[in-house]
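Participant: Show me the folded form of this:
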Amino acid sequence: MFKNHPKGLLAAAISNMGERFGYYIMNAVLVLFLCSKFGLSDETSSIIYSVFYCGIYVLSLVGGIIADKTQNYKGTIMSGLIVMSLGYVILSIPVLSTADNIDWLLPLTCVSLFFIAFGNGLFKGNLQAIVGQMYDNLEKEAEKKGPEALKLAKSRRDSGFQIFYVFINIGGLIAPFVAPMLREWWLKVHSMMYNADLPALCHQYIKEGANMASDNLSNLNELVAKVGGTVTNDLAPFCTQYLDVFNTGIHYSFIASVVAMLISLFIFIACRKVFPTPGKKEKQESVSYTAEEKAAMAKEIKQRLYALFAVLGIVIFFWFSFHQNGQSLSLFARDFVVTDSIAPEIWQAVNPFFVIVLTPLIMLFFGSLARRGQQISTPKKIAIGMGIAGLAFLFLTIYSAMQGYPSGTEFKAMADSAKAGLKAGPWVLIVVYFFLTVAELFISPLGLSFVSKVAPKHIQGLCQGLWLGATAIGNLFLFLGPMMYNKIPIWQCWTVFFVICLVSMGVMFAMVKWLERVTK
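Facilitator: Numbers count the residues shown, from 1 in each chain. Below is the predicted model of the structure:
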């Protein structure tokens, strides 16, 4: 796999895989953890998640600027791993949230998320820049050997980044299993069982006592007996203990994130001599255009930037829809899907699994079309990807309507026995994530390719930053998904996302010919 690729690719891929493993342990459980830990509503937890997820991409711009200014990419990457480790250390401390300490404990948790986002910003883009520099150097060496050798070297760049991308998803595939496994282990140590609905009812009982709604109190009594507790007139001690044990198991999983960061740091330090320094090359290339050349190309540059912003506008809506996997889709897995044997957080592993399996198939498909002279342009692929994302939400819309699902809030208020008969099988999430992953593979890596094609040479870094900025904007509005999920019948929630994807696909197809001309 790594034959004829730069020596540092394997080390960079493994270092990145370790960081992604630690990150996805936390990311898979974050929304549900904030709900179970602090008793926050789905909407409030989702707002925190949205701001955090937006911050990751915004701070990637800051990390790039810091590396550019200091010309110390390797040092910036190592600093990022250390800062992320600090954030995970804070998250791993199992302090029980109470009415007396939530005023400082919740802000401290948000501070830890800031450390993780900022450290990720220092790490993420700069490691990718180093991988890009490896292939710049590979092509430079090949150029000395002749045109054929150069052509062959250039063909390896795409496959190199695909290898790098697969390693990211290997970390993402394993990570979602860690927190649920440790949580269930810790519950069993205390002779308890996992139940996704119980933490919210426990928080409600601690706040309201026996004055809570009779239906909810009845559900609580039913679930207490189900998970191994004893039903008494005062359930506050059991609720407090269950929340403490439930969340402590999750806290322990963040220790695995700390270990993963330190392993990535060790690998990076051990192999840092084989990594190039991108800043030196960027500094040389910054004078590749004279003032006269820039003036002569002003019209073309303007057209390219118009095309870039048009695609970025579409991409915002894709990430807003796709990243519901950590928001409304996680809530759907918790509330509407049978989770007796598989915790809701684990379903986020389906996406990286499909990425690993489907990437070579899609590469073969595109390669086959190219060999037959039927190559699909990048803008058209992005449009098709939006349509495929729409199919995921169309499927959910039809299924939820046929099942007669109410809003998330109404469903959670139903008796546990009544909900059991309505819950979906795991296959529903598998179908949804299949379509979303295919859409991701049509849009995410190809979008980066499109940016590299239209970006004027003297502002390529800025244009790549704008791609991250578009992702950040889409992430900033993620909380709207859970708001709709809990306020309206969920088939209507999924319909909104379907319409967004459908309209985005139509707009993209309408611009295809223009975008194809610009990218020639």
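Participant: helices and strands of this structure: which one bottoms out on pLDDT?
Facilitator: For the chain, counting by mean pLDDT, DSSP states H and E, helix 278-285 ranks last in confidence among helices and strands (a mean of 48).
Participant: pLDDT value on Leu491, please?
Facilitator: I think there's a mix-up here, since residue 491 is Trp and not Leu. With respect to pLDDT, Trp491 scores 96.
Participant: Use 20 as the first number for this chain going forward.
Facilitator: Taking 20 as the first residue, the last one we looked at is Trp510.
Participant: which secondary structure elements does the helix or strand containing it contact?
Facilitator: Trp510 belongs to helix 509-537 when assigned by DSSP states H and E. Under the contact criterion of 3 or more Cβ pairs under 8 Å, 6 or more residues apart in numbering; DSSP states H and E, the helices and strands touching helix 509-537 comprise helix 317-341, helix 347-355, helix 397-422, helix 499-506. C-beta: built from backbone N, CA, C; applies to glycine.
Participant: Okay, buried residues for that helix please.
Facilitator: For helix 509-537, the neighbour count (16 or more other Cβ atoms under 10 Å) marks 509-510, 512-517, 519-521, 523-524, 527-528, 530-531, 534, 537 as buried.
Participant: which of the helices and strands packed on helix 509-537 is buried the deepest?
Facilitator: Each of the helices and strands packed on helix 509-537 was scored by mean neighbour count; the highest is helix 347-355, a mean of 25, by mean count of other Cβ atoms under 10 Å.
Participant: quick check, distance from it to the centre of its chain.
Facilitator: Using Cα atoms, centre = their mean, to the nearest Å, the distance from the centre of helix 347-355 to the centre of the chain it belongs to is 16 Å.
Participant: With stretch 27-41 instead?
Facilitator: Relative to the chain's own centre, stretch 27-41 is displaced by 17 Å; criterion: Cα atoms, centre = their mean.
Participant: same deal with stretch 227-236?
Facilitator: Its chain's C-alpha centre lies 37 Å from the corresponding centre of stretch 227-236 when counted by Cα atoms, centre = their mean.
Participant: Would you mind listing the buried residues in that stretch?
Facilitator: Here stretch 227-236 shows Met231, Asn235, Leu236 as buried, counting by 16+ other Cβ under 10 Å.
Participant: returning to that earlier point: quick one, which of the helices and strands packed on helix 509-537 gets closest to Ala491.
Facilitator: Ranking the helices and strands packed on helix 509-537 by their distance to Ala491 (criterion: Cβ to Cβ) puts helix 317-341 first, at 8.6 Å.
Participant: For Ile109, see how far away the residue nearest the centre of the chain is.
Facilitator: For the chain, the residue sitting closest to the mean C-alpha position, by Cα atoms, centre = their mean, is His342 at 6.2 Å. Applying Cβ to Cβ, to the nearest Å, the value for His342 to Ile109 is 24 Å.
Participant: Also Ser387?
Facilitator: Using Cβ to Cβ, we find Ser387 at a distance of 50 Å from Ile109.
Participant: What residues sit buried inside whichever helix or strand Gly82 is part of?
Facilitator: Using DSSP H and E, the element containing Gly82 is helix 61-89. Within helix 61-89, the residues that qualify as buried are 61-80, 82-83, 85-87, counting by 16+ other Cβ under 10 Å.
Participant: Could you do stretch 442-458 as well?
Facilitator: By 16+ other Cβ under 10 Å, the buried positions in stretch 442-458 come out as 442-443, 445, 447-448, 450-458.
Participant: got a list of contacts for that stretch?
Facilitator: Counting by Cβ atoms under 8 Å, 6 or more residues apart in numbering, the neighbours of stretch 442-458 from elsewhere in the structure are 337, 341, 344, 348, 351-352, 355-357, 361, 366, 369-370, 373-374, 377, 381, 404-405, 407-408, 410-411, 414-415, 418, 422.
Participant: Give me the distance between it and the centre of its chain.
Facilitator: The gap between the average C-alpha position of stretch 442-458 and the chain average comes to 16 Å, counting by Cα atoms, centre = their mean.
Participant: for stretch 520-528, same thing?
Facilitator: Taking Cα atoms, centre = their mean, one finds stretch 520-528 lying 23 Å from the centre of the chain it belongs to.
Participant: of Ser387 and Ile109, who's got more company?
Facilitator: For Ser387 and Ile109, the more surrounded residue by other Cβ atoms under 10 Å is Ile109, and the numbers stand at 17 against 10.
Participant: same for the strand or helix carrying that one, what does it pack against?
Facilitator: Using DSSP H and E, Ile109 sits in helix 92-111. Applying 3+ Cβ pairs under 8 Å, 6+ apart, we find helix 92-111 packed against helix 27-57, helix 61-89, helix 121-162, helix 255-290.
Participant: Pick the most deeply packed of those helices.
Facilitator: Comparing the helices and strands packed on helix 92-111 by mean neighbour count (mean count of other Cβ under 10 Å), helix 27-57 ranks first with a mean of 24.
Participant: Report all helices and strands that that one contacts.
Facilitator: Using 3+ Cβ pairs under 8 Å, 6+ apart, helix 27-57 is in contact with helix 61-89, helix 92-111, helix 121-162, helix 166-193, helix 197-208, helix 217-227, helix 255-290, helix 347-355.
Participant: what's the average pLDDT for that helix?
Facilitator: Model confidence over helix 27-57 averages 88 on the pLDDT scale.
Participant: Kindly calculate the angle that it makes with helix 499-506.
Facilitator: When axes from the mean of the first three to the mean of the last three Cα atoms, to 10 degrees is applied, the directions of helix 27-57 and helix 499-506 differ by 30 degrees.
Participant: Now do the contacts for Ser233.
Facilitator: Taking Cβ under 8 Å, 6+ apart as the definition of contact, Ser233 has no neighbours.
Participant: Is the residue of the chain most remote from its centre in a helix, a strand, or coil?
Facilitator: Ranking residues of the chain by C-alpha distance from their mean position (Cα atoms, centre = their mean) puts Asn252 at the top, at 43.5 Å. For Asn252, the assignment made with DSSP: H, G, I helix; E, B strand; the rest coil gives coil.
Participant: Give me the nearest residue to it, chain neighbours excluded.
Facilitator: By the measure of Cβ to Cβ, 6 or more residues apart in numbering, the closest residue to Asn252 outside its immediate chain neighbours is Ala229, 7.8 Å from it.
Participant: From Met433, how far off is the one you found?
Facilitator: Distance of Ala229 to Met433, computed by Cβ to Cβ: 21 Å.
Participant: Over to Tyr68?
Facilitator: Plainly put, Tyr68 is 26 Å away from Met433 if you go by Cβ to Cβ.
Participant: For Arg291, grab the count of nearby residues.
Facilitator: Neighbourhood size, Arg291 [other Cβ under 10 Å]: 16.
Participant: Please look at it and Lys93 and confirm they touch.
Facilitator: Yes: using Cβ atoms under 8 Å, Arg291 and Lys93 qualify as a contacting pair, with a distance of 5.4 Å.
Participant: thinking again about what came up before, which one of the buried residues of stretch 442-458 is nearest Arg39?
Facilitator: Checking those against Arg39 by Cβ to Cβ gives Thr456 as the nearest, at 16.1 Å.
Participant: Do you know the pLDDT at that closest one?
Facilitator: Per-residue confidence at Thr456 stands at 90 (pLDDT).
Participant: What values do phi and psi take at it?
Facilitator: When quoted as degrees, to the nearest 10, the phi and psi of Thr456 stand at phi -70, psi -40.
Participant: That one: what's its closest spatial neighbour, skipping adjacent residues?
Facilitator: Nearest residue to Thr456 in three dimensions, chain neighbours excluded: Phe373, at 3.8 Å (Cβ to Cβ, 6+ apart).
Participant: Could you give the number of residues near that neighbour?
Facilitator: Residues lying near Phe373 (other Cβ under 10 Å) number 21.
Participant: likewise the one 5 residues further on?
Facilitator: Residues within reach of Thr378, counting by other Cβ under 10 Å, total 18.
Participant: Now do the same contact list for it.
Facilitator: Residues near Thr378 by Cβ under 8 Å, 6+ apart: Gln181, Tyr184, Val185, Leu460.
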